[in-house]
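Asks: model the following, please.
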Amino acid sequence: MLLENNILELKREYTDDIKKTVTAFANSDGGKLLIGITDDGSVIGLDRVDDTLLRVSNVIREAIRPDLTMFISFKVILMQEKEVIQVEVQRGTARPYYLAGKGIRPEGVYVRQGASTVPASETAILQMIRETSGDSYEEARSLHQELTFDYTKQFFSENNLELEEQHKTTLGLLGRDGAYTNLGLLLSDQCKHGIKLAVFEGTTKAIFKDRLECKGSLLKQLEESYLYIDRHNRTRAEFKGLVREESRDYPVTAIREALLNALVHRDYSFSADTLIALYDDRIEFVSVGGLMHGISYADVMLGVSVLRNAKLANIFYRLRLIEAYGTGIQKMLSSYKDFLKLPNIETSDNAFRITLPNTNFNEYKSETNQIFVKEDTETSLREEKVLRLLETKSYLIRKDIENALDISQSTAILLLRKMVNQGLLLSSGAGKKIKYFKKANG
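Replies: Residues are numbered from 1 along each chain as shown. Have a look, this model is predicted:
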């Protein structure tokens, strides 16, 4: 007599729950589903066996993700001279398998528990992901599959790159099973790993002044946090004789490299946000994730780079946000070569902190012939230059701005986007050939 157990399920007829049972077998130790047999083991057979077989195969193919068909065999067998459908399911290699309409969460992922099919716990789901994806967080399937990429797609377009489905697969945002990876999550509009920035008065956290929390695509977080820091990166000016000399509190290169380091090298398997604190005398960047196994502090200072998030670094490289792997720390230190106090780098088992000293801090305290330039002055001057250029030309492209203002591509993109958002410019087209027009008065 047949009895249900962890690898055998009996069904009198076709029901919609069959897809849950098949998913559970694939996520557990495999099993057989017999259709045409009652729960007590009585063989009743099927009248329209071909129609039922077609319904079963269709629902398995359409309702279960990733594709499970290679691990399933269908057979019509005779039992007590009656036709019964046998669905044999092997344990899959791309677990967790889930119902397409529910996603990778307990209500969509099922396992066998004795003779029952039950929702998997979140712990069990994460364990399956680790077992089938190895140690790479980037390549593991994301628990969130309802993802959009509006910001990342726009960023790619501005850098003359495409982000269609085939590109998502090539870059690693989509896995071989067609599901979004954690890398896809990081670049999606739904990314939950954020950056928290705070400004404090003085050199301690006693007096809080301002804060910003960045969420969404890492590219959006990168731009928003950079602009926020840049607004607080004051320009100090003093006269030496008849000559006025200006210097910013922090070298722009150092800020850029510290921020990129915090994003590219952090350990996203932890849920903690990246923290950036701005004091009168320093900026601190704290990201989760210590040094990679086998790499020492001395190795890092020599420029040795072992990438925790290699696919993310590759995307940043394609976007020309980073020029070469392992050069960030050296560029940061070089930007301070003319100053007495250098950046400080500290590591622990699970964290990495970069501290950039304020190059003007001592002068602010001691000198009286200093001039404080408004934080947005440099940006305003650039905007004026752009508008003046448009008095001599009917339109501009980004390259015109880079050449005329002697600024980088990324800085030009940020400047032009801000002017469009402020209504100072109009734009048309896409990619590097976007045309910018001066907004007509009235």
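Asks: could you point out which element follows the worst-scoring helix or strand of the chain on mean pLDDT?
Replies: Every helix and strand in the chain was compared by mean pLDDT, DSSP states H and E; the lowest is strand 370-373, with a mean of 50. Downstream of strand 370-373, the first helix or strand assigned by DSSP states H and E is helix 377-389.
Asks: hmm, who's touching the helix or strand that comes right after that following helix?
Replies: Later in the chain than helix 377-389, the nearest helix or strand by DSSP H and E is helix 398-405. Contacts with helix 398-405, where a contact means C-beta atoms under 8 Å, 6 or more residues apart in numbering, come from 158, 382, 385-386, 389, 393, 407-409, 412-413, 415-416, 432, 434, 436. For the C-beta atoms, the positions are set from N, CA and C on the backbone; glycine is no exception.
Asks: quick one, strands of the stretch 201-350 of the chain?
Replies: Ranges of strands within the stretch 201-350 of the chain are 207-214, 235-240, 243-248, 274-278, 282-288, 344-347, based on DSSP state E, counting those that start in this stretch.
Asks: make CSV from these and add mean neighbour count and mean pLDDT to it.
Replies: Listed next are the strands of the stretch 201-350 of the chain as CSV, based on neighbours: other C-beta atoms under 10 Å; pLDDT from 0 to 100:
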stretch, mean neighbour count, mean pLDDT
strand 207-214, 13, 93
strand 235-240, 14, 72
strand 243-248, 12, 76
strand 274-278, 20, 96
strand 282-288, 21, 95
strand 344-347, 14, 90
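Asks: now those strands as JSON lines including distance to Phe74?
Replies: Compiled in JSON lines, those are given as follows (distance: least, C-beta to C-beta, whole Å):
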{"stretch": "strand 207-214", "distance to Phe74": "50"}
{"stretch": "strand 235-240", "distance to Phe74": "72"}
{"stretch": "strand 243-248", "distance to Phe74": "69"}
{"stretch": "strand 274-278", "distance to Phe74": "50"}
{"stretch": "strand 282-288", "distance to Phe74": "48"}
{"stretch": "strand 344-347", "distance to Phe74": "56"}
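Asks: quick one: contacts for Tyr279?
Replies: 200, 202-204, 358.
Asks: mind giving me the PyMOL select for those residues, buried ones only?
Replies: Of the contacts of Tyr279, the buried ones go into a single PyMOL selection, burial set by 16 or more other C-beta atoms under 10 Å:
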select buried, resi 200+358
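Asks: select, out of the strands of the stretch 201-350 of the chain, the one closest to Tyr137.
Replies: For Tyr137, the closest of those is strand 282-288, at 11.9 Å, according to C-beta to C-beta.
Asks: so which helix or strand takes in the residue nearest the centre of the chain?
Replies: A centroid search over the chain (C-alpha atoms, centre = their mean) returns Leu186, at 1.2 Å, as the residue closest to the centre. Per DSSP H and E, Leu186 falls inside helix 182-187.
Asks: pLDDT (mean, whole number) over that helix?
Replies: Helix 182-187 comes out with an average pLDDT of 96.
Asks: can I get that helix in PDB, CA atoms only?
Replies: Extracted C-alpha coordinates of helix 182-187, given in PDB (Å, rounded to 0.1, in the frame of the first residue of the first chain):
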ATOM      1  CA  ASN A 182      22.600  40.600  -5.600                       C
ATOM      2  CA  LEU A 183      24.700  42.700  -8.000                       C
ATOM      3  CA  GLY A 184      21.500  43.500  -9.800                       C
ATOM      4  CA  LEU A 185      19.900  44.500  -6.400                       C
ATOM      5  CA  LEU A 186      22.900  46.900  -5.700                       C
ATOM      6  CA  LEU A 187      22.300  48.800  -8.900                       C
END
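Asks: centre of the protein to the edge, which residue is at the far end?
Replies: Glu81 (57.6 Å).
Asks: from Gln190, how far out is the closest residue to Leu185 other than its chain neighbours?
Replies: Leaving aside its sequence neighbours, Leu185 sits nearest to Ser142 (C-beta to C-beta, 6 or more residues apart in numbering; 4.2 Å). As judged by C-beta to C-beta, to the nearest Å, Ser142 and Gln190 stand 9 Å apart.
Asks: got the contact list for Gly423?
Replies: Listed by C-beta under 8 Å, 6+ apart, the contact set of Gly423 reads Lys439.
Asks: and the pLDDT for it?
Replies: For Gly423, the model assigns a pLDDT of 84.
Asks: any idea which helix or strand carries it?
Replies: Counting by DSSP H and E, Gly423 is part of no helix or strand.
Asks: what about Gln127, neighbour count?
Replies: 14 (other C-beta atoms under 10 Å).
Asks: that one is in what secondary structure piece?
Replies: Using DSSP H and E, Gln127 falls in helix 122-133.
Asks: report the buried residues of the next helix or strand after that helix.
Replies: Where DSSP H and E defines the elements, the next helix or strand beyond helix 122-133 is helix 150-158. Using 16+ other C-beta under 10 Å as the burial criterion, the residues of helix 150-158 that qualify are 151-158.
Asks: skip the chain neighbours and tell me the closest residue to Ile434.
Replies: Ser427 (5.4 Å).
Asks: quick one: contacts for that neighbour?
Replies: 416, 420, 434-437.
Asks: same question, Asn6
Replies: 28-29, 31, 112-115.
Asks: give the buried subset of those residues as a ChimeraX selection command.
Replies: ChimeraX command restricting the contacts of Asn6 to the buried ones, with burial defined by 16+ other C-beta under 10 Å:
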select :28,31,112
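Asks: quick one: Asp267 and Leu312 touch, right?
Replies: No: counting by C-beta atoms under 8 Å, Asp267 sits too far from Leu312 to count as a contact (11.8 Å).
Asks: please identify which of the two sits among more neighbours.
Replies: Leu312 (24 against 17).
Asks: what about the more buried one, distance to Glu138?
Replies: 6 Å.
Asks: what is in contact with the two at once?
Replies: Taking C-beta under 8 Å, 6+ apart as the contact criterion, the common neighbours of Leu312 and Glu138 are 183, 186.
Asks: filter the contacts of Ser427 down to the ones in strands?
Replies: 435-437 (DSSP state E).
Asks: just the buried ones from those residues?
Replies: Tyr436.
Asks: which one of the ones in strands among the contacts of Ser427 is nearest to Leu342?
Replies: Tyr436 (39.9 Å).
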